[in-house]
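Student: Model the following, please.
(one chain, ligands or ions: 2)
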Amino acid sequence: MPSLAERARELDAIDPLADRRKLFDLDDSVVYLDGNSLGAPPRSVADRMTEVVREQWGRRLIRSWGEGWWTAPERVGDRIAPLVGAAPGQVVVGDSTSANLFKALVAALRMAEGRKEIVVDAATFPTDGYIASSVARLMGATVRAAALDALELTENTAVVLANQVDYRTGRAYDVGAITSEVHAAGALVLWDLCHSVGALPVDLDAHGVDLAVGCTYKFLNGGPGAPAFLYVPQRLQDSFDQPLAGWNGHREPFAMAPEFEPSSAIARGRCGTPDILSMLALDAALDVWDGVNITDVREKSLALTGFFIDCVDSLVGSRVSVVTPRDSTRGSQVSLACEDAQAVMDALIARDVIGDFRPPNVLRFGFAALYGRYTDALRAASTLADVLT
Ligand SMILES: Cc1ncc(COP(=O)(O)O)c(C=O)c1O
Ligand SMILES: Nc1c(O)cccc1C(=O)C[C@H](N)C(=O)O
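Tutor: Numbers count the residues shown, from 1 in each chain. Ligands and ions are numbered 1, 2, ... in the order given. Model (predicted):
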């Protein structure tokens with residue numbers, strides 16, 4: 001029976017994605033397991049930012065708007081599209097996930113013809129619930145929190161806001177099955193993909209998803225505060241009447257017309273001037289995905305998280321409990337519950353093993369398949385065992 005250390009070395013040696021790690025600027029003395037909060041920087045970003053600032057901004061000045069800046073939200077959206085199973089022309093990048101949730105929820109209620117209930121995934125990351133409540137107040141609607149496996153939809157349900165992967169537990173949900181259930185009830189579904197884009201296949205078009213949003217600073221490594229994305233399928237674009245009707249979403253922005261007329265394409269999801277520096281940092285960061293198949297990412301992610309769970313079982317044992325599903329219904333993280341979890345995570349970070357703490361008692365370890373190593377998973381589990389001793 002090989003030891004855990006032998007298994008880790010062997011798995012790293014045969015890892016088909018191992019060469020991707022070289023594309024990231026990482027400190028090898030640190031075990032970084034927080035890429036589900038802030039992804040690591042791809043090396044290409046620093047050079048691209050220098051070029052963007054010195055040449056595009058510095059030399060081309062305002063001419064750069066006509067040389068690729070203006071259309072960057074759709075162009076970068078089309079680079080994200082294959083990672084979420086979307087055909088071109090359906091993903092636009094810009095604003096934060098929270099802002100895009102606002103646009104999408106209002107647009108969904110406007111499409112819902114008299115239905116007035118927003119159902120929100122009860123375990124959602126808080127911002128989704130906050131935005132849903134605010135939209136409900138604004139639109140005279142109601143919000144109901146429901147577990148994704150007990151939605152209890154009614155004829156009044158307009159839209160269901162669901163997370164593909166639960167940020168706290170790491171549980172992954174079946175996008176196809178839930179989308180079908182919501183459609184059978186005559187409602188629309190809005191998926192928050194923050195914890196799944198770049199971690200597992202999403203297949204938005206294939207599942208007939210209505211709307212989706214996601215962030216790009218986690219598994220897409222776009223950098224702190226990188227712009228989010230919004231997915232509106234072709235079939236809904238004409239009826240997507242979003243509330244932040246800024247000039248960037250206008251059919252002819254430079255006509256400077258007094259009346260708002262939305263673009264007939266995905267650009268109608270835009271609002272104001274895009275944050276070009278962050279947008280182009282994200283564009284450079286997406287190079288690490290060239291030639292990568294998301295099913296290979298999923299395979300490695302399941303193997304890596306599974307190996308970490310094995311290491312925890314044998315080195316840490318009952319001092320923690322594994323919150324994340326042990327079967328394949330998990331995203332790319334492992335959450336462990338334990339006493340004094342905040343202090344335990346602080347001690348891990350002091351030993352250069354970086355995960356994060358989520359209330360009330362969860363140690364969260366994110367595994368990014370493009371740069372995560374099995375030897376790192378083992379070091380994290382053995383450091384945790386030391387900390388808990
Ligand atoms: C599921 C989920 N939705 C939304 C957000 C927040 O997005 P933003 O801060 O970009 O608005 C996060 C993380 O911050 C998240 O995990
Ligand atoms: N967006 C973040 C930030 O600006 C600071 C710290 C953390 C975040 C996060 O993304 C948190 C993350 N959504 C989570 O799942 O906990």
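Student: What residues does the protein have near ligand 2?
Tutor: Residues of the chain lying close to ligand 2 (C-beta under 6 Å from any ligand atom) are Ser37, Phe125, Tyr167, Cys194. For the C-beta atoms, the positions are set from N, CA and C on the backbone; glycine is no exception.
Student: where does the last one fall, phi/psi-wise?
Tutor: As for Cys194, its main-chain torsions (degrees, to the nearest 10) stand at phi -50, psi -40.
Student: I'd say it and Phe125 touch.
Tutor: Yes. Cys194 is in contact with Phe125 according to C-beta atoms under 8 Å; the separation is 6.9 Å.
Student: who has more neighbours, these two?
Tutor: Using other C-beta atoms under 10 Å as the criterion, Cys194 and Phe125 rank with Cys194 on top: 24 against 19.
Student: I'd like to know how far Ile276 sits from Phe254.
Tutor: From Ile276 over to Phe254 the distance is 17 Å, taken as C-beta to C-beta, to the nearest Å.
Student: And those two? Which one has more around it.
Tutor: The neighbour count for Ile276 versus Phe254, taken as other C-beta under 10 Å, is higher for Ile276 (20 against 9).
Student: how far away is the residue lying closest to the more buried one once chain neighbours are set aside from Ser96?
Tutor: Distances taken as C-beta to C-beta, 6 or more residues apart in numbering place Trp69 nearest to Ile276, at 5.2 Å, with adjacent residues excluded. Distance of Trp69 to Ser96, given as C-beta to C-beta: 20 Å.
Student: between these two, who's got more neighbours?
Tutor: More crowded of Trp69 and Ser96, by other C-beta under 10 Å: Trp69, with 21 against 16.
Student: give the contact list for the more buried one.
Tutor: Gln56, Pro274, Ile276 (C-beta atoms under 8 Å, 6 or more residues apart in numbering).
Student: Tell me how many other residues crowd the second one.
Tutor: The tally of other residues near Pro274 (other C-beta under 10 Å) stands at 22.
Student: got it, and Ala5?
Tutor: 14.
Student: Render the CA-only coordinates of the one helix or strand it maps to in CSV, please.
Tutor: Using DSSP states H and E, Ala5 sits within helix 4-14. C-alpha atoms of helix 4-14 as CSV (Å, rounded to 0.1, in the frame of the first residue of the first chain):
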residue,chain,number,x,y,z
LEU,A,4,0.0,9.3,1.2
ALA,A,5,3.3,11.0,0.2
GLU,A,6,4.0,8.4,-2.4
ARG,A,7,0.5,8.7,-3.8
ALA,A,8,0.8,12.5,-3.9
ARG,A,9,4.1,12.4,-5.8
GLU,A,10,2.7,9.8,-8.2
LEU,A,11,-0.5,11.8,-8.8
ASP,A,12,1.4,15.0,-9.5
ALA,A,13,3.7,13.2,-11.8
ILE,A,14,0.9,11.9,-14.0
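Student: for the helix or strand following it, packing partners?
Tutor: Sequence order places strand 31-32 as the next helix or strand after helix 4-14, per DSSP H and E. Applying 3 or more C-beta pairs under 8 Å, 6 or more residues apart in numbering; DSSP states H and E, we find strand 31-32 packed against strand 353-354, helix 374-388.
Student: Nearest to Ser301, out of these?
Tutor: With C-beta to C-beta as the measure, helix 374-388 is the member of these nearest Ser301 (11.5 Å).
Student: which residues are contacting that closest one?
Tutor: Contact with helix 374-388 is made by 4-5, 7-9, 11-12, 15, 31-33, 304, 307-308, 311-312, 315-316, 319-320, 336, 338, 344, 347-348, 351, 353, 355, 363, 365, 367, as judged by C-beta under 8 Å, 6+ apart.
Student: Now the stretch 251-389 of the chain against ligand 2: closest residue?
Tutor: The minimum distance from the stretch 251-389 of the chain to ligand 2, using C-beta to the nearest ligand atom, falls at Arg358 (6.1 Å).
Student: swap in the chain?
Tutor: Tyr167 (3.7 Å).
Student: What residues does the nearest residue to that residue once chain neighbours are set aside make contact with?
Tutor: Nearest residue to Tyr167 in three dimensions, chain neighbours excluded: Phe125, at 4.7 Å (C-beta to C-beta, 6+ apart). Applying C-beta under 8 Å, 6+ apart to Phe125 gives the contacts Asn163, Tyr167, Asp192, Cys194.
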